[in-house]
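*Asks:* Next one to model:
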Amino acid sequence: MIDIIGVPLGFGAGKSGSELGVEAIRHSKIRGSKVTHHLEQLGYVVTDRGNVPIVQPSDGYKTSGGVRHLTEVSLSSANIAAVLIESLNSGATPVVLGGDHSIAIGSFSGIATHFKEKGEEIGLIWFDAHADINTPETSASGNIHGMPLAAILGYGATELVNVASNGSKLDPRFFAHIGARDIDPGEKAMIEKLGLRDRFFTMSDIDKRGMLACVEDAIRIAGAASGGFAVTFDVDMIDPRFAPGSGTLVRGGTTYREAHLALELIAESGKMRSFEIVEVNPLLDQSNLTVELACELILSAFGKTIL
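*Replies:* Residues are numbered from 1 along each chain as shown. Here you go, the predicted model:
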C-alpha cells in the first residue's frame, strides 16, 4: 500500500519553483499514464492523500537568527511530520513529493517518531549533490534546504531540531549519503566532527568504485536498522545533462542509468519504508525531462525493472 503525499514547500530554497514540482510529478504522464497508474500496474494499492498544509511566508524575505523563514518552515515541518506518522500508522509506505529539501526535516522527523514509538530504529539513505549539513552558523545563504541533515542529526536551530519530538532523529550508524560533490567548508568540518566520512559515498567514491558497490554499502549501513530505512532523493544528484530542472545544479553528477540502478538495488533490498523526491523545479526544466525522470525514479524505487 502506497500513500502519495504532496509537500508544496519551496521557500526553504533560494530559487522559487520547487513547490510546483508536486503537481508536475503528480500529473505528468509516462507512456500515456500517470505515476499512480504505473504503481498500480506493479501491484500496489495507491492512495493520494493530497497536499500537506504549508504555512506560507507573509512578508517576503524573512530571516530569524540567520535562517530564512524559520518559523514558517518549522510550523510546516510539524504538519509534514503529522501526516507521515498518520500514513505509516495506517500501514502504508509514504511517497513524498517535494518541494525543496527542507521538507526532509518534517518527513524524517515523522518517520523516526513513528518507528521510535514501535521500539525500532530507522535508517536513512540520502541522495544529493550537496551534504545539506549546514547550520545557521555555517550557512552562507540562510536557506533551510541546506540544513535538513544537520537538523535531523540534532544540530542547528532548536525549532528545526525539535520537530515532532525533541533532539536527534537519526543514529549516524544507520545513515548513508550518496552523490555529494559540492560540500561547504563548514559542512566538511561538521562531517569530520561527527565522524561521518565513511558514511558519505561522494562522486569521487562512485568514480573509483562504481555505483553498484557504493549503493550496496549504503544499503548494508542503513539496512542494519531494525526498522529498515527511509530514502530521500534530491534530483540534483543526477548530472544536469539528464536533470536540468533543479535550482542548485552541479556538474559531474550521476548518469540516468546510475540513478535508476541505485533505486533498483534499493527496491531489491526490500528494506525501504518511505521514499521522498525533492528539488524538481518545473520553471527551470527543459522539455519536462526532470519531471518525467522523477516519475521514472519513483517506479524504480518500487520495483519496476527493464525485464
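*Asks:* quick one: D285 and L293 touch, right?
*Replies:* No. With contact defined as Cβ atoms under 8 Å, D285 does not reach L293; the gap is 9.6 Å. For glycine as for every other residue, the C-beta is placed from the backbone atoms N, C-alpha and C.
*Asks:* the more surrounded of these two?
*Replies:* Counted by other Cβ atoms under 10 Å, D285 and L293 do not tie: L293 has more neighbours, with 25 against 22.
*Asks:* quick one: the more buried one from E72, how far?
*Replies:* Distance of L293 to E72, given as Cβ to Cβ, to the nearest Å: 29 Å.
*Asks:* now the strands for the stretch 201-307 of the chain?
*Replies:* Under the criterion DSSP state E, counting those that start in this stretch, the stretch 201-307 of the chain carries strands at the ranges 229-234, 272-278.
*Asks:* I'd like to check the angle between the first one and strand 272-278, please.
*Replies:* With axes from the mean of the first three to the mean of the last three Cα atoms, to 10 degrees as the basis, strand 229-234 and strand 272-278 are set at 10 degrees to each other.
*Asks:* State the mean pLDDT of stretch 14-26.
*Replies:* Averaged over stretch 14-26, pLDDT sits at 96.
*Asks:* contacts for it?
*Replies:* Outside of stretch 14-26, the residues within contact range by Cβ atoms under 8 Å, 6 or more residues apart in numbering are 4, 6-11, 34-36, 48, 51, 54, 97-100, 141, 143, 145, 246-248, 277-284, 288, 291, 294-295, 298.
*Asks:* cool, stretch 119-126 as well?
*Replies:* With contacts defined as Cβ under 8 Å, 6+ apart, stretch 119-126 is touched by 108, 111-112, 115, 132, 149, 152, 170-171, 174-178, 218-219, 221-232, 234, 266, 271, 273.
*Asks:* what does stretch 292-305 give?
*Replies:* By Cβ under 8 Å, 6+ apart, the surrounding residues in contact with stretch 292-305 are 2, 21, 25, 28, 30, 35, 38-39, 42, 44, 95, 231, 233, 235, 238, 242-243, 256, 259-260, 263-264, 266-267, 272, 275, 277, 280.
*Asks:* Buried residues in that stretch, which are they?
*Replies:* Taking 16 or more other Cβ atoms under 10 Å as the basis for neighbour counts, the residues of stretch 292-305 that come out buried are 292-304.
*Asks:* Repeat that for stretch 201-212.
*Replies:* With the criterion 16+ other Cβ under 10 Å, stretch 201-212 contains buried residues F201, T202, M203, D205, I206, M211.
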